[in-house]
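**Student:** how does the following fold in three dimensions:
(3 chains)
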Amino acid sequence: MREVAIVAFAQSDHRPDTSDVSEVEMLMPVLRRVLDDVGLTAGEIGFTCSGSSDYLAGRAFSFTMALDGVGAWPPISESHVEMDGAWALHEAWTKLLTGEADTALVYSYGKSSPGDLREVLTRQLDPYYLAPLWPDSVSLAALQAQALIDAGETDERALAGVAHRSRTAAEANPHAQLSGSAAPGPLLDTPYLVRPLRRHDCPPIGDGAAAVVLAAGDTARGLCPRPAWIRGIDHRVEPHALGVRELTRSPSTRLAAERAGAFDAPVDTAELHAPFTSQEVLLRRELRLGADVRVNPSGGALAANPMMAAGLIRLGEAAAAIHRGGSDRALAHATSGPCLQQNLVAVLEGEPS
Amino acid sequence: MSKEPVAVVGVGQTQHTAARRDVSLAGLVREAALRALEDAELTWADIDAVVIGKAPDFFEGVMMPELYLADALGAVGKPLLRVHTAGSVGGSTALVAATQVAARIHRTVLTLAFEKQSESNAMWGLSLPVPFQQPLLAGAGGFFAPHVRAYMRRTGAPAGTGALVAYKDRRNALRNPYAHLHERGLTLEKVRSSPMLWDPIRYSETCPSSDGACAMVLTDRAGAARAPRPCAWMHGGAMRSEPTLFAGKDCVSPRAGRDCAADVYRQAGITDPRRQIDAVEMYVPFSWYEPMWLENLGFAAEGEGWKLVESGITELDGELPVNPSGGVLSTNPIGASGMIRFAEAALQVRGEAGEHQVEGARTALGHAYGGGSQFFAMWVVGDAPPTG
Amino acid sequence: MTPAPSSSEALRAPLVVEFPFTRSLGPVQSDFLTGLRERTVLGVRTTDGRVLVPPVEYDPVTAAELRDLVEVAPTGTVTTWAWNPSPSRGQPLDTPFAWVLVRLDGADTALLHALDAPGPEAVRTGMRVRIRWAERRTGAITDIACFTPDGDAAAPAAGPAPHSGEFTEPVRGIVAPARLDYTYAPGRAQTRFLAALAGRRTVGERCPSCRKVYVPPRGACPTCGVATAEQVEVGPHGTVTTFCIVNIKAKNLDIEVPYVYAHIALDGAGLALHGRIAGIPYDQVRMGLRVTPVWTEDGRYPDHYRPTGEPDADYDTYKELL
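**Tutor:** Numbering: from 1, shown residues only, chains lettered A, B, ... in the order given. Prediction:
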């Protein structure tokens, strides 16, 4: 199989409100940075793939305007998924494997600030039995958190610990929307948002964009001193209805990890797309991450969760750790849908220096 | 390492109509998927991954509906990818699925595209009001009609060419049991005297709004060897995009379309598309786009597309049949329309197109486009595996 | 050339996306929702004997088509819960409530709904609950108003009973109104454009790379992928590059038909914008016609464009803008 690596990563500063800029105005500087990093122009890229959602923007075909930021002229080989950019990366990776392209630009963006995100995400649910009840995303995550607590998998103090660790780590992440945290004890004195979740258990709502460049074989080596080789990547989906699933498990994450080769050798770093503290607990177990693994050194989705980009950012952060020599083998995870319905796992490696 | 050849071994589509009130969203996609599986004589367990496409989520009012549809599509425990590239999405979706087989990520992939436009109203979904922006002053056809006028000015095409296309496609649709429109009493005179909606576009020259889905099973050489019926082999596939609006854009013959065609022809070893391609399923939402695309796709020299139409070459029994299925003019579930083009091209080279079969078709082109004539997706399929 | 105004005053406006979606239900969902109208809860049996409530058309595990309906009890057990202290629009109750997954007696899977309870201390996993039916039922998931605590009542001994799914006047579809409220912000470039437009000046922006002038500016030169910033006033005169005659009245547009909808390249602009042509019989509008904007008192955009009386532009001068 052809070797493909992430050779560059850029992201915006994630902010609660970016109404001063349009989507393309938010995205374009990120695209310029990631392309400048490898010294390529849009025309020199073999394949471009993006991820975004019309429902966030409140406008149909919103992605067509974002394409303005790429500079798609002369015309480019390009595609778009109505998913998190992590899945756009998967599509681009597949394209590179065929040999039809040697490089790919992958980007995604999401602005949650125009709408009420918790309401908007209810439109993602079964339109007959669930959407008419308008169950919001925090409430659904709370149902899962309670199931984990009932099963003895975690408790509210442990969840506060996840929040504290993540947001403390985010102090070193200049792009984070939320960084710094009170100690777990005082966090437990704050009111519930949706019991058993408190505000600190939930991700910040905000806007942001991210982009990566993929390259194959020697092209990758020429573009990046230490490429983050994609040793495996896989994604799987579960049934939609929460009442059908075992909410304390994530079989799709486990299966994707197996297929991606995550269990073939230990990883030193993991970037998990766990918007809620309780989901990190669940993912750690499914991914068999030991105490020695650095989990979400970026702060993860608890530090910044731009919809449609937060998954791609996990891949980018894991790759960046390898680029700078901070990791030799990293796992990246992305999720989509209510209560971790769909999950993607990638294993990235740097060559021994 | 060369790419794995990709074969179409199953094709399925729904009965297309203005409103499929008898099925849920799940039931609609399921009908197409099941027919594709039955055609391939495969079961859900034989499918490794699912790639689904549709146009804007606002049409059905479900955000990322593939999450809800995962169960109905047998995708649970499998990879599921959702593509959205505006009107070209049905074609792009098939190409994304084909790439998974070509890259040897998966051996057998179910790809499907749908739209259930009756859940809302297509014009509402297409033109959600955006504050501060000047409203589009002219309905759906008004977006396209000025480009048709520009084409006529550029080429000197006579006013009646569009009616010939509409009459041909609607007659072809009578041979296609799945088509939405079956206008048995239609005559060329009726098309020519139908109301002029957006001059120069008449009512009978416009596409309907449909509920429908289309699915294909794509597989590798080993899968093709087990196929119960003839396969269609992919000989080339490409996507090209250009910006929505820009200084220098050719709205009549967009460069992205020309480049995309050139790419698929190169892959398929086609140097003279007019002679080497036996049937074309092109995305013609308004009749005049047939002569326009004939030029854009290299079947006619610049300015000559309308002459090809007038000469009857694009008729079902002509030298270069275009849209033997009846095309988008007869069936238009927007997100699925592109995949129907790709699937109909495959049916032609498989010899499985029934009443609208083009005699002896061995090489066919499937074409889709969308957005502001900016996104293009095409494939060339043949009755024999690619060589080399 | 004028410097770009400050972008600190970026525009914002409400954007409401609202539609009453008409959803056809298909067989199993139709039976289930009709059943709710009749205070009957149906499930569907899978090939391996499990009972799914709410019932779905296709097996989540095997994808097999499911049609074997059974009736289950209106009572059940909470499998997990979450306390929602501040209900929002559309949710089942407007006072604080618990979201619950409930496994109804006779079912193997759980249904999501609301539980009316005095407070979170009254809710626990494993508690017994009972459906409270809505007074007015139409055949929708909201026919279950919510669940209520059911004390220490034991689960009924009888298992799920076969059911034909047949009811008189079955519900075949639902209308699902959905409203989402957004705040639309067009960004810096559009804000600059609109500010100039308020003074009846059409100001485009020049790409620093290809030097083309974009009207209206969208923040990026789409062919070069770089920000446009240099302001360039264009027009007011322009040329009709192409057009159509609109003969059908568009909804929400109060314009008498027929009228002409045209692409207009303002002098100095790199591409055409759209507008209506008036002040000339519709059938005399032609490509190359020279026009100028006509403003009304309160319009953000020109109401229409009228002929200037200049000679028509030569085709060669605008054919690249088609």
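**Student:** show me chain C divided up by domain.
**Tutor:** C:1-15+C:186-234, C:26-171, C:235-322 (automatic domain parsing).
**Student:** redo these as a markdown table? Include distance to B:G371.
**Tutor:** Glycine gets a C-beta too; all of them are placed from N, C-alpha and C. Output for those, formatted as a markdown table (distance: least, C-beta to C-beta, whole Å):
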| stretch | distance to B:G371 |
| --- | --- |
| domain C:1-15+C:186-234 | 12 |
| domain C:26-171 | 32 |
| domain C:235-322 | 16 |
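**Student:** which of the ones you listed comes out lowest on mean pLDDT?
**Tutor:** With a mean of 88, domain C:1-15+C:186-234 has the lowest mean pLDDT of the domains of chain C.
**Student:** picking up where we left off before, which one of the domains of chain C lies nearest to A:L148?
**Tutor:** With C-beta to C-beta as the measure, domain C:26-171 is the member of those nearest A:L148 (9.0 Å).
**Student:** what's the span of that closest one from first residue to last?
**Tutor:** Domain C:26-171 has an end-to-end distance of 10 Å (C-alpha to C-alpha, to the nearest Å).
**Student:** show me the contacts for A:S112.
**Tutor:** Contact analysis of A:S112 by C-beta atoms under 8 Å, 6 or more residues apart in numbering or on different chains lists A:56, A:120, A:205-207, A:306-307.
**Student:** okay, the residues you listed in TSV with pLDDT, distance to C:G151 and neighbour count next?
**Tutor:** Shown next, in TSV, are the contacts of A:S112 (pLDDT from 0 to 100; distance: C-beta to C-beta, whole Å; neighbours: other C-beta atoms under 10 Å in any protein chain shown):
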residue	pLDDT	distance to C:G151	neighbour count
A:L56	96	44	25
A:V120	97	38	24
A:I205	98	40	18
A:G206	97	45	23
A:D207	98	48	27
A:P306	98	47	34
A:M307	98	43	26
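**Student:** looking at these, which one is closest to chain C?
**Tutor:** Nearest to chain C among these is A:V120, at 6.0 Å by C-beta to the nearest C-beta.
**Student:** tell me the contacts of the closest one?
**Tutor:** A:55-56, A:112, B:63, C:180.
**Student:** could you do B:M378 as well?
**Tutor:** B:M378 sits next to B:91, B:236-238, B:260-261, B:264, B:365-368 when contact means C-beta under 8 Å, 6+ apart.
**Student:** beta partners of it?
**Tutor:** On the basis of DSSP bridges, B:M378 takes part in beta bridges with B:A238, B:H367.
**Student:** equivalent analysis for the one 4 residues further on, please.
**Tutor:** Listed by DSSP bridges, the beta-bridge partners for B:G382 are B:W233, B:T363.
**Student:** what count of nearby residues applies to it?
**Tutor:** B:G382 sits with 24 neighbouring residues when counted by other C-beta atoms under 10 Å in any protein chain shown.
**Student:** test my guess that it contacts B:G236.
**Tutor:** No. With contacts counted by C-beta atoms under 8 Å, B:G382 stays clear of B:G236, the gap being 9.5 Å.
**Student:** now the helices for the chain?
**Tutor:** All of this refers to chain A. All helices of chain A, identified by DSSP state H, fall at A:23-38, A:54-57, A:62-66, A:85-97, A:117-120, A:137-150, A:156-169, A:184-187, A:217-223, A:251-260, A:277-286, A:310-323.
**Student:** right idea, wrong chain: chain B
**Tutor:** Ranges of helices within chain B are B:25-40, B:66-69, B:89-102, B:122-126, B:139-155, B:161-173, B:188-192, B:221-225, B:255-268, B:273-276, B:289-296, B:305-310, B:334-350, based on DSSP H.
**Student:** out of those helices, which gets nearest to A:P29?
**Tutor:** A:P29 sits nearest to helix B:255-268 of all these, at 25.5 Å, using C-beta to C-beta.
**Student:** do the closest one and chain A meet at all?
**Tutor:** Yes. Helix B:255-268 lies within reach of chain A by C-beta under 8 Å from any C-beta of the partner chain, at B:255-256, B:259-260, B:263.
**Student:** and of the helices of chain A, who's closest to A:Q342?
**Tutor:** That would be helix A:251-260 among the helices of chain A, by C-beta to C-beta, at 6.6 Å.
**Student:** what residues does the closest one touch?
**Tutor:** A:231-238, A:263, A:283, A:286-287, A:331, A:333, A:340-347, B:77.
**Student:** give me the common contacts of B:G382 and B:G236.
**Tutor:** Shared between the contact lists of B:G382 and B:G236 (criterion: C-beta under 8 Å, 6+ apart) are residues B:A268.
**Student:** can you name the residues bridging to the nearest residue to A:M308 once chain neighbours are set aside?
**Tutor:** Nearest non-adjacent residue to A:M308, counting by C-beta to C-beta, 6 or more residues apart in numbering or on different chains: A:G110, 3.8 Å away. On the basis of DSSP bridges, A:G110 is bridged to A:G208.
**Student:** what's the burial count for A:G110?
**Tutor:** Neighbour count for A:G110, taken as other C-beta under 10 Å: 26.
**Student:** can you tell me how far it is from B:T93?
**Tutor:** Separation of A:G110 from B:T93 (C-beta to C-beta, to the nearest Å) stands at 22 Å.
**Student:** enumerate the residues of the stretch 201-322 of chain C near chain B.
**Tutor:** C:210, C:212-214, C:221-223, C:241-248, C:250-253, C:255, C:258, C:261-263, C:270-271, C:273-276, C:287, C:300-301, C:315, C:319-320, C:322.
**Student:** out of these, which touch chain A?
**Tutor:** Among those, chain A is touched by C:221-223 when using C-beta under 8 Å from any C-beta.
**Student:** contact partners for the residue nearest to B:A224 when sequence neighbours are not counted?
**Tutor:** For B:A224, ignoring the flanking residues on the chain, the nearest one in space by C-beta to C-beta, 6+ apart is B:A7 at 3.8 Å. Residues near B:A7 by C-beta under 8 Å, 6+ apart: B:218-221, B:223-224, B:227, B:231-234, B:385.
**Student:** again, 7 Å this time
**Tutor:** Listed by C-beta atoms under 7 Å, 6 or more residues apart in numbering or on different chains, the contact partners of B:A7 are B:218-219, B:223-224, B:231-233.
**Student:** name the nearest residue to the residue in the stretch 51-200 of chain A that chain C sits nearest to, sequence neighbours excluded.
**Tutor:** As assessed by C-beta to the nearest C-beta, chain C sits closest to A:G71 within the stretch 51-200 of chain A, at 2.5 Å. Nearest-residue entry for A:G71: C:G225, 2.5 Å, with adjacent residues in sequence omitted and distances by C-beta to C-beta, 6+ apart.
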